[in-house]
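**Q** Have a look at this prediction, sequence included:
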Amino acid sequence: MSTTTGTAAANETPASTTGRLSWPPLIALSLGYFLVMLDVTVVTVAVPVIRDSVGAGASATAWIVDGYSAVFGGLLLMGGGFGDRLGHRKVFLTGLGVFALASAGCALATTPAALVAGRLAQGAGAALLVPTSLALLTTAHPTAAVRAKALGVWAGVSGIAFAAGPLVGGLLVAGLNWRAAFWLNVPIALLAVRLTREHVPSPVGRAGARGLDPLGQALGIVGVLAPAGMLNEAGALDWTSPVVLGTGALGAVALALFVLVERRTEARGLAGKPPLLPLSLFRSPGFSPTTAVGVLLNLGYYGMLYLSTLYLQNERGYGALGTGLALLPTVCMAVVAAPLSGRLTARYGPYVPMAGALLLGAAGFTGWLFVGPDTPYWTLLPALVATGLATPGTVLAATAAIVQTAPAENAGVASAVFNVARQIGNSLGVALFASLTAGQDLVSGLHVSALVASAAFFTAALLALSCRRRTKARAAS
């Protein structure tokens, strides 16, 4: 980075001091999150074409779809820890570079192994981007009201990216080919790099402030990746396979050791050797319930997105483009939901908007109970619209709650915990709902899964309301 650029970034006035948003840094940080969320779903509708193009089997196909999210979730704590210790801006730029190179590798892949490797590398880049982008946004907007507006834009862009993935994938597959879905990431990442270097300042006094926790990192990575691998391989093998059972046992042991190591490291209280995940975060009011909301949110939404894609393609005969267009209402609702949630969060706090959005989503999922093999598309619209409003609205409010409950020095790790929780919910939702449709017709499995998704959102709403009651009780005392 040039001296001029670095000085300009360092001297940039935080947006919150003027009472309004500063768009160049906000766009830079939102673009990073845009890339991450787009690539969660962009390959969904292109799976048949990709599978035939590179000759992927069942296991490789599962890793092409889910390997990205698995590594993303597995390395998020590491990404948050690196940001807190080495500097959020430096790690964010590194993540953009890794993501761009990995996307190019995916676009050039001609074998299943090469494509899987590229997807795993994308997940690593994503794990560096998400916690650091949130930490940089929080630092740039210390005032709660302005920060809520900024979070609304940030979450809104990510919600649009996530929901637009099937549509973008369908358009690119129909107009060009599946490789274009990965080439698209490269210019967006380069634009984000330029905007970040020119407009996003580095938080003062953070880089190199603390040491790393290599043992905690290794255990955390294994503890999250092993269960994800178990779920992926269970679909290709069998739940009783020694590989599946052994991978699950490895994950359980790694997670237990991770908790023990992190508890011991935090108890020692050495300033130069902090834990990767301070377990005391979970004693902060609202932190644990909001983390649970992240699991339940993604379990319901991702699981139903997976089944709705199967329903539209396998039951209704839609192609890649048709499926993307059918899911378009989700994109439209994300544009409305995130800014609205940001304004409501700024006015009422995070828990009321969170609970309201979750209750709306719970009601929306019940709309799938009326869907059959030949149901007109307009019957699906209430469910698509309601869940399209609920999901980005919940993400924004829950993110604001996590930011409020965590100490400033652990902002990156706290956001990583929430996103790890969401990725765990993603893997659990897809695996659970896939198992619910196994051995029976897709429509019947879809109905059962809709009830599970609705129950997950309703439970999450109760958690949000309980947090609000505790917050009001503390304020009154």
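**A** Good, I have the coordinates.
**Q** Strands along this protein, start to end?
**A** Remark: no strands are assigned in the chain by DSSP state E.
**Q** tell me which helix or strand of it sits lowest on mean pLDDT?
**A** helix 3-10 (a mean of 39; mean pLDDT, DSSP states H and E).
**Q** And the pLDDT for residue 297?
**A** Residue 297 carries a pLDDT value of 94.
**Q** Run a quick neighbour tally on it.
**A** 28 (other CB atoms under 10 Å). No exception for glycine: its C-beta is placed from N, CA and C like everyone else's.
**Q** give the contact list for it.
**A** Residue 297 makes contacts with 358, 391, 394, 395, 398, 422, 425, 456, 457, 460, as judged by CB atoms under 8 Å, 6 or more residues apart in numbering.
**Q** can you tell me which of the residues you listed are in helices?
**A** In helices, judged by DSSP state H, the following of the contacts of residue 297 are found: 358, 391, 394, 395, 398, 422, 425, 456, 457, 460.
**Q** what would those look like in TSV with distance to residue 306 and pLDDT?
**A** Listed next are the ones in helices among the contacts of residue 297 as TSV, based on distance: CB to CB, whole Å; pLDDT from 0 to 100:
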residue	distance to residue 306	pLDDT
358	20	95
391	14	86
394	19	90
395	18	85
398	22	89
422	15	85
425	12	85
456	14	96
457	16	97
460	19	95
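**Q** wait, which of the residues you listed is closest to residue 376?
**A** Of all those, residue 391 has the smallest distance to residue 376: 24.1 Å, by CB to CB.
**Q** With residue 464 as the reference, measure out to the closest one.
**A** Distance, residue 391 to residue 464, using CB to CB, to the nearest Å: 14 Å.
**Q** Between those two, which is the more surrounded one?
**A** Between residue 391 and residue 464, counting by other CB under 10 Å, residue 391 is the more crowded of the two (30 against 27).
**Q** Could you pull up the residues touching the closest residue in space to that one that isn't next to it in sequence?
**A** Leaving aside its chain neighbours, residue 391 sits nearest to residue 301 (5.0 Å; criterion: CB to CB, 6 or more residues apart in numbering). Taking CB under 8 Å, 6+ apart, we find residue 301 in contact with 361, 387, 391, 429, 453.
**Q** Return the member of the residues you listed nearest to residue 198.
**A** Relative to residue 198, and with distances defined as CB to CB, the nearest of those is residue 391, at 32.5 Å.
**Q** Spit out the contact partners of the closest one.
**A** Counted by CB under 8 Å, 6+ apart, residue 391 has contacts 159, 297, 301, 334, 337, 357, 361.
**Q** For stretch 418-436, buried residues please.
**A** Under the neighbour-count criterion of 16 or more other CB atoms under 10 Å, stretch 418-436 has 418-434, 436 buried.
**Q** ok, the contacts of residue 301 vs residue 42, which is closest?
**A** If you rank the contacts of residue 301 by distance to residue 42 using CB to CB, residue 391 comes first, at 17.1 Å.
**Q** any idea how far that closest one is from residue 303?
**A** Residue 391 is 12 Å from residue 303, where distance means CB to CB.
**Q** Same question for residue 369.
**A** Applying CB to CB to residue 369 and residue 303 gives a distance of 15 Å.
**Q** Likewise for residue 50?
**A** 22 Å.
**Q** ok, those two, which is more surrounded?
**A** Set residue 50 next to residue 303 and count neighbours by other CB under 10 Å: residue 303 wins out with 27 against 23.
**Q** Pick out the residue closest to the middle of the chain.
**A** residue 419 (5.4 Å; CA atoms, centre = their mean).
**Q** Distance of it relative to residue 25?
**A** Distance from residue 419 to residue 25, by CB to CB: 21 Å.
**Q** now the contacts of residue 297 as CSV including distance to residue 165?
**A** Supplementary listing: the contacts of residue 297 in CSV, determined by distance: CB to CB, whole Å:
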residue, distance to residue 165
358, 22
391, 13
394, 18
395, 15
398, 21
422, 15
425, 17
456, 22
457, 21
460, 23
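**Q** Can you name the residues that contact residue 384?
**A** Counting by CB under 8 Å, 6+ apart, residue 384 makes contact with 327, 329, 330, 333, 364.
**Q** Pull up the per-residue confidence for it.
**A** So, for residue 384, pLDDT stands at 89.
**Q** Could you report the distance from it to residue 318?
**A** For residue 384, the distance to residue 318 - CB to CB - is 14 Å.
**Q** Quick check: residue 237 touching residue 244?
**A** Yes. Here residue 237 reaches residue 244: they are 5.8 Å apart, a contact under CB atoms under 8 Å.
**Q** So which of those two has more stuff around it?
**A** More neighbours surround residue 244 than the other of residue 237 and residue 244, with 20 against 15 (other CB under 10 Å).
**Q** wait, that one sits on residue 226?
**A** No. Contact status for residue 244 versus residue 226: not in contact, 10.6 Å apart, counting by CB under 8 Å.
**Q** Nearest residue to residue 202 in space, please, no chain neighbours.
**A** residue 89 (4.3 Å).
**Q** got the contact list for the one you found?
**A** 132, 136, 196, 200, 201, 202, 203.
**Q** Give me the pLDDT value at it.
**A** 89.
**Q** Contacts only, for residue 102.
**A** 118, 119, 121, 122, 124, 125.
**Q** a markdown table please, covering those residues and showing pLDDT, distance to residue 263 and neighbour count.
**A** Compiled in a markdown table, these are given as follows (pLDDT from 0 to 100; distance: CB to CB, whole Å; neighbours: other CB atoms under 10 Å):
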| residue | pLDDT | distance to residue 263 | neighbour count |
| --- | --- | --- | --- |
| 118 | 94 | 37 | 23 |
| 119 | 92 | 34 | 27 |
| 121 | 94 | 32 | 20 |
| 122 | 94 | 33 | 27 |
| 124 | 91 | 27 | 19 |
| 125 | 93 | 30 | 29 |
